[in-house]
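Peer 1: here is a sequence together with a model predicted from it:
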Amino acid sequence: QKEVEQDPGPLSVPEGAIVSLNCTYSNSAFQYFMWYRQYSRKGPELLMYTYSSGNKEDGRFTAQVDKSSKYISLFIRDSQPSDSATYLCAPQRTGFQKLVFGTGTRLLVSP
Amino acid sequence: NAGVTQTPKFRILKIGQSMTLQCTQDMNHNYMYWYRQDPGMGLKLIYYSVGAGITDKGEVPNGYNVSRSTTEDFPLRLELAAPSQTSVYFCASSEGSGANVLTFGAGSRLTVL
């Protein structure tokens, strides 16, 4: 079983839609749950992260973690064409250097 | 503030050739990483370093070597290039504490023919 599973997409939505991006993971020791955004032909950059379970909101973006079901979600409200990118989840353990990433979900937001 | 700088951006190699991908960071980060990214496969860790003089293997180290003589630089060496090494390579760095947030370079696109 892979440590992190993520649907590669692509996920196509119209502008203004609510987007839900998801990951599942297998290691219960993960404590930080990162989301990176990667535009085409660019390096990934951190979008936001949460610690342990619960929700975190940053503008139009909300990260949600359910540790009981090992399920990570990223919600995007009022999606914009500029949100078109690949979103990678990256759960991690404190002090563990071998960081793992999901395969990434490619999101396409059409005007 | 340049962040993480990778060179070259693009390179075409012939099978059996060798080359070094350069990576330098100006954030005084202790941790540095090399990942490769293949279509639909996500980021795979090749090697990482927790400080000058200390390196360790990641998930896919075969065919690569690294060194870390300074905090700033973390070059990746490809020996005897093979078509399976065609990929996009990303270098990253981090402070390594708490939420280990990685800062990535722009990537180096390598084709082996």
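Peer 2: Alright, I've got the coordinates. Remember, predicted model here, so these are calculated numbers, not experimental data.
Peer 1: can I assume A:Gly54 is in contact with A:Asp66?
Peer 2: No - A:Gly54 is beyond contact range of A:Asp66, at 9.1 Å (criterion: CB atoms under 8 Å). Where C-beta positions appear, they are placed from N, C-alpha and C, glycine not excepted.
Peer 1: give the contact list for whatever residue of chain A ends up closest to chain B.
Peer 2: Nearest residue of chain A to chain B: A:Gly43, at 3.4 Å (CB to the nearest CB). With contact set as CB atoms under 8 Å, 6 or more residues apart in numbering or on different chains, A:Gly43 has these partners: B:4, B:90, B:92, B:104-107.
Peer 1: excluding chain neighbours, what is closest to it?
Peer 2: Excluding its sequence neighbours, the residue lying closest to A:Gly43 (CB to CB, 6 or more residues apart in numbering or on different chains) is B:Phe104, at 3.4 Å.
Peer 1: correct me, but that neighbour touches A:Pro44?
Peer 2: Yes - B:Phe104 lies in contact with A:Pro44 (CB under 8 Å); the separation is 5.1 Å.
Peer 1: find residues that contact each of these two.
Peer 2: Jointly contacting B:Phe104 and A:Pro44 under the rule CB under 8 Å, 6+ apart are B:Phe90.
Peer 1: of the two, which one has the most company?
Peer 2: With neighbours defined as other CB atoms under 10 Å in any protein chain shown, B:Phe104 and A:Pro44 compare such that A:Pro44 has more, 27 against 23.
Peer 1: give me the phi and psi for the more buried one.
Peer 2: Main-chain dihedrals, A:Pro44, degrees, to the nearest 10: phi -60, psi 150.
Peer 1: good, we can wrap up now.
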